[in-house]
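Asker: Starting from these lines, generate the structure:
(one chain, ligands or ions: 1)
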Amino acid sequence: MCGIIGVTGVDDPLRMLLDGLALLEYRGYDSAGVALITADRPGDGSAPVDGAEAQSAIDRHHSIWRERAAVRAQSIPELERLAPTAPAARAGIGHTRWATHGPPTESNAHPHLDCTGRVAIVHNGIIENHREIAAKLDAAGHQRTSATDSEVVAHLIEDELETGATLLEAVRRCAGVLRGDFALAVVYAGEPDTLVATRRTSPLIVGRTDSVGVVSSDIAAVLGTTRDLYALEDGEIAQVRPGSITVIDAAGQAVEPLAIRVSWGVQAAQRDGYEDFMSKEIHEQPRALTDTLIGRILPEGTTELEELAFTEDELKAIDRVIVIACGSSYHAGAIGALALEAWARIPATAEIASEFRYRDPVLDERTLVVAISQSGETVDTYHGLREAKRCGAKTMVISNVVDSLMAREADGVLYTRAGPEVGVASTKCHLSQIILFQVFALHLGQLRGTLDPHEAAAIGTQISGLPGLVARALDRSDDYEAVADELAEVNDVFFLGRNIGYPIALEGALKLKELAYVRAEAYAAGEMKHGPISLIDRNAVAVVIATRGPLWEKLLANVEELRARGATVVAVADEGDEETARLVDMVLPVPAVDALLSPVVAVVPLQILAYSVARARGNDVDRPRNLAKVVTVE
Ligand code: M6R
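Answerer: Next up is the predicted model:
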């Protein structure tokens, strides 16, 4: 979940590192740090590395300057204050941390150094065998200064360099002894213009211009420098120098790096005048949905999903679909599975990826496993996908990041086109995942003949109208904010829904929890009587998903039960639905639409509710406490 950046061949690497870290901060904001290879004699930044004399000159004239700060969400401004005093340099690495091993203190912040202070490393992931390695390093006399799993890497590289290995070779050998998931960027004062990077599971990209080289965990952080970018594959090691990239595999053989296609520009990752990324991204939703639909639904309702890369026969042969995902993506999957069963009549379920991975699932080549992941990097979903492949299932990914880790792993891929999502809470990507899955369900329904052409055309037309309905819901933001004002002090909220309303309730509860730090639990409304209703009294607040679908009347019966016990009830209800409005205390009105499509509009007021309550409580909506945008550790 940490952010990594490295640059070589520039006059002011610190500036680039700090700007890059600001863009990476959403990945983790417990602490941040930078290390520069300082050229003590101006102009020495790219001295040669061959020959004993040259090497000794390098040793005399290069060293590592490192600064770290551990002020939650404020470490980068802390580092900015040091910028004017930074020494001359041409290369460096930076890191923004989401703490796993060791608390978020300055001594645990990256970069970490070896004993000589001439090697600096930054790491994302978890080194699972770090205790075992640390014990050996300690016994050999290494001095470790942090409680992290990461620091061992610097000391292992130190040992390899002492044998006379180049930095590239030292990192290759070091990676060979590491267990777990990692992305690493390393600099060494003995090779002052070189960055070495490697990865296993955790993603890492490298890039170049004619005179510059970059390493990053994220495209956004280096897009302002170059679009000539390459994704490292598992186990590959890259040596990045000004204007050049050399990649070897774990066995030391040269390999061609995989070029990355970048579909958006630097501007897309900026705030564009909004107070925070989250409100920008909420308001971008109509456009994100429109872009995701372009070319995929034709006027008569037929679907076009050519990029899926499965033949019609392969798709027709599928007899079961399992969706795996985490968090909001899981909720999108649960919504998609219901549409798939209804329209394509295929048994479909959604499972939490971290559970699926370890339950030894029974799958075969007629099972399609669909992994949904905005980032395409979430480690639980990624490993679930690999497990599905191992068991012989067909695999497909719905991702927002072109050529992401999962997109490269799966048999087929569908991309949402939401643009970069920076706010930690997923909004526009969540809705884009839902709408894209709906298109996929419609596609399969047509292919399998379970929808007749009229039904398919009607569904296609309604899907095409969803971006406009989301815009209409956003126009009612004042109504939603008024409800948020009423709930600003509440500490416990139930979210209830039935059928398609249940995953909507799950999403509403997750948003309120993660942003406003309010205890919020979602239940299938019919399940309340089996236990949770004993929690209901005059102090209880329930948000019910009461848009008009087949179970609307049953849901209203559940509302009566809540009211009879004194609860305050807020309903997400169709605009103009007076009957529902009369029964509840407050309404979050949304445009009416067919039940299976309703999540795309019904989630909008719940996003704004959570956003507004969080703001009223003074919370940082883009960087909620303890969270990171991309979860790359288990
Ligand atoms: O990148 P992914 O879609 O795989 O991320 C999955 C979850 O980590 C993510 O949806 C998370 O739950 C968000 N914080 C929800 O707002």
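Asker: Can you give me the pLDDT of the residue in the chain that the ligand sits nearest to?
Answerer: Proximity of the chain to the ligand (C-beta to the nearest ligand atom) peaks at G327, 1.8 Å away. Every C-beta, even on glycine, is put in place using the N, C-alpha and C of the backbone. In this model, G327 is scored at 98, pLDDT.
Asker: doesn't S426 make contact with it?
Answerer: Yes - contact criterion C-beta atoms under 8 Å: G327 and S426 qualify, at 7.0 Å.
Asker: Can you give me the neighbour number for the residue of the chain closest to the ligand?
Answerer: Applying other C-beta atoms under 10 Å, we find 23 residues neighbouring G327.
Asker: Name all residues that make contact with it.
Answerer: Counting by C-beta atoms under 8 Å, 6 or more residues apart in numbering, G327 touches S426, L510.
Asker: same thing with G468?
Answerer: P286.
Asker: Tell me which helix or strand it sits in.
Answerer: Per DSSP states H and E, G468 falls inside helix 453-474.
Asker: Which residues of the stretch 401-550 of the chain lie near the ligand?
Answerer: Within reach of the ligand by C-beta under 6 Å from any ligand atom, the stretch 401-550 of the chain has these residues: V424, A425, S426, L510, E514.
Asker: ok, which pair from these is furthest apart?
Answerer: With C-beta to C-beta as the measure, no two of these lie farther apart than V424 and L510, at 11.7 Å.
Asker: what's across from A185 in the sheet?
Answerer: Assessed by DSSP bridges, A185 has beta-bridge partners V122, A197.
Asker: now it: how far from C2?
Answerer: 11 Å (C-beta to C-beta, to the nearest Å).
Asker: Give me the more crowded residue out of the two.
Answerer: Using other C-beta under 10 Å, the more surrounded residue of A185 and C2 is A185, with 33 against 29.
Asker: Isn't that one up against N124?
Answerer: No - at 9.2 Å, A185 does not count as touching N124 under the criterion of C-beta under 8 Å.
Asker: joint contacts of these two?
Answerer: Each of I4, L204 lies in contact with both A185 and N124 under the rule C-beta under 8 Å, 6+ apart.
Asker: one step back: what sits in contact with each of A185 and C2?
Answerer: Contacts common to A185 and C2, judged by C-beta under 8 Å, 6+ apart, are V122.
Asker: and R357, what does it touch?
Answerer: By C-beta under 8 Å, 6+ apart, the residues touching R357 are D380, H383, G384, E387.
Asker: about what we covered before: from the residues of the stretch 401-550 of the chain next to the ligand, which ones fall inside helices?
Answerer: L510 (DSSP state H).
Asker: Would you agree K316 falls within a helix?
Answerer: Yes - counting by DSSP: H, G, I helix; E, B strand; the rest coil, K316 is found in a helix.
Asker: Run a quick check on it versus T450, I expect a contact.
Answerer: No - when contacts are counted by C-beta under 8 Å, K316 is not listed as touching T450 (11.1 Å).
Asker: Quick one: neighbours of the nearest residue in space to L583 that is not next to it in sequence, just the number.
Answerer: Counting by C-beta to C-beta, 6 or more residues apart in numbering, L583 lies nearest to V559, which is 5.7 Å off, once chain neighbours are set aside. Neighbour count for V559, taken as other C-beta under 10 Å: 21.
Asker: Can you check the pLDDT for E634?
Answerer: The predicted local confidence for E634 is 77.
Asker: do the same with I58
Answerer: pLDDT, I58: 66.
Asker: Then S46?
Answerer: Looking at S46, its pLDDT stands at 49.
Asker: Kindly report the same for D218.
Answerer: D218 is assigned a pLDDT of 86 by the prediction.
Asker: Same question for A185.
Answerer: 98.
Asker: what does the protein put close to the ligand?
Answerer: So far as C-beta under 6 Å from any ligand atom goes, the chain lies against the ligand at 326-329, 373-375, 378, 381, 424-426, 510, 514, 630-631.
Asker: In strands, which of those residues fall?
Answerer: Here DSSP state E is the test, and these give S373 as lying in strands.
Asker: Can you check the contacts of R357 and name whichever has the most neighbours?
Answerer: Of those, G384 is surrounded by the most neighbours, 30 neighbours in total, counting by other C-beta under 10 Å.
Asker: what residues are up against that residue?
Answerer: Going by C-beta under 8 Å, 6+ apart, G384 touches I324, A353, S354, F356, R357, V369, A371.
Asker: Quick check: the second one vs I346, distance?
Answerer: From A353 over to I346 the distance is 20 Å, taken as C-beta to C-beta.
Asker: Pass me the low-pLDDT residue ranges in the stretch 501-634 of the chain, would you?
Answerer: Residues of the stretch 501-634 of the chain meeting the criterion pLDDT under 70: none.
Asker: Show me the strands in it, by range?
Answerer: Assigned by DSSP state E, counting those that start in this stretch, the strands in the stretch 501-634 of the chain fall at 519-524, 541-545, 568-574, 586-590.
Asker: again, but for the stretch 301-450 of the chain
Answerer: Using DSSP E, counting those that start in this stretch, strands in the stretch 301-450 of the chain cover 320-325, 348-352, 367-373, 394-399, 412-415.
Asker: Could you dump these into JSON lines and include mean neighbour count?
Answerer: Shown next, in JSON lines, are the strands of the stretch 301-450 of the chain (neighbours: other C-beta atoms under 10 Å):
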{"stretch": "strand 320-325", "mean neighbour count": "25"}
{"stretch": "strand 348-352", "mean neighbour count": "20"}
{"stretch": "strand 367-373", "mean neighbour count": "28"}
{"stretch": "strand 394-399", "mean neighbour count": "26"}
{"stretch": "strand 412-415", "mean neighbour count": "21"}
